[in-house]
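Undergrad: Okay, predicted coordinates and the sequence, questions at the end:
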Amino acid sequence: MKRVHVLNGPNLGRLEWRDSAQYGDLTLAEIESLVRARAETVGIELTWFQSDHEGALIEAIHAAIDAGASIVINPGALTHYSYALADALAMAESTVVEVHLSNIHAREDWRRTSVVAPAVTGSVAGFGPIGYVLAIEAIAQIAAGSAPGDQGPDHSA
Ligand code: DQA
């Protein structure tokens, strides 16, 4: 069974206290339930993790790599400045999807840069919790070799 580790960065464990116009009304636990339901349907074994600490996220990336899992990561604000996360993600050989609840490209200037972007397979931003589901579905399709069309970059899950 395809394994996916979903990693969430700083402040994502407190969505209920954050700006709902940007991040929606669901808690991270509620998002996890949605994603788990979808993962089960598409035959993915899911590990879900959240930390407010950069080092813990780096270790979680190492663990995902060692487990041969694909990675879905919402690094929170670390997206914009953590070269350590970028270096860790760059070691991944499986698919890595960067997810953001909000559309970081339509927000403050400092949010428009993702330093992890060069180390990921692809990214989804601006679709709220659906972004995590889209990421899972992309990984499932790539793993099944059923991604529509082969004109895109060569991504092996
Ligand atoms: C975020 C966007 C980041 O800029 C912010 O710091 C977050 C959440 C998102 O999911 O939209 O914490 O990654």
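TA: Now that the structure is in, tell me what you want to look at. Since we're looking at a predicted model, the values are computed, not measured. Numbers count the residues shown, from 1 in each chain.
Undergrad: Name the residues of stretch 22-41 that are buried.
TA: Neighbour-count burial for stretch 22-41, with 16 or more other Cβ atoms under 10 Å as criterion, is recorded at Gln22, Tyr23, Gly24, Leu26, Leu28, Ile31, Glu32, Val35, Arg38, Ala39. Where you see a C-beta, it was placed from the backbone N, CA and C, and this is true even at glycine.
Undergrad: ugh, wrong one, I meant stretch 67-82
TA: For stretch 67-82, by 16+ other Cβ under 10 Å, it's 69-76, 78-82.
Undergrad: again with stretch 5-25
TA: Taking 16+ other Cβ under 10 Å as the criterion, stretch 5-25 shows His5, Val6, Leu7, Asn8, Gly9, Pro10, Leu12, Gly13, Leu15, Gln22, Tyr23, Gly24 as buried.
Undergrad: what's the answer for stretch 44-56, then?
TA: Here stretch 44-56 shows Ile44, Leu46, Trp48, Phe49, Gln50, Ser51, Glu54 as buried, counting by 16+ other Cβ under 10 Å.
Undergrad: Out of those residues, which is nearest to the ligand?
TA: Gln50 (11.2 Å; Cβ to the nearest ligand atom).
Undergrad: contacting residues for that closest one?
TA: Leu7, Asn8, Gly9, Leu12, Gly13, Leu28 (Cβ atoms under 8 Å, 6 or more residues apart in numbering).
Undergrad: Ile71 should be in a strand, yeah?
TA: Yes - if the criterion is DSSP: H, G, I helix; E, B strand; the rest coil, then Ile71 is within a strand.
Undergrad: isn't it right next to Glu98, touching?
TA: No - the criterion here is Cβ atoms under 8 Å, and Ile71 misses it with Glu98 at 9.2 Å.
Undergrad: Cool, thanks, signing off.
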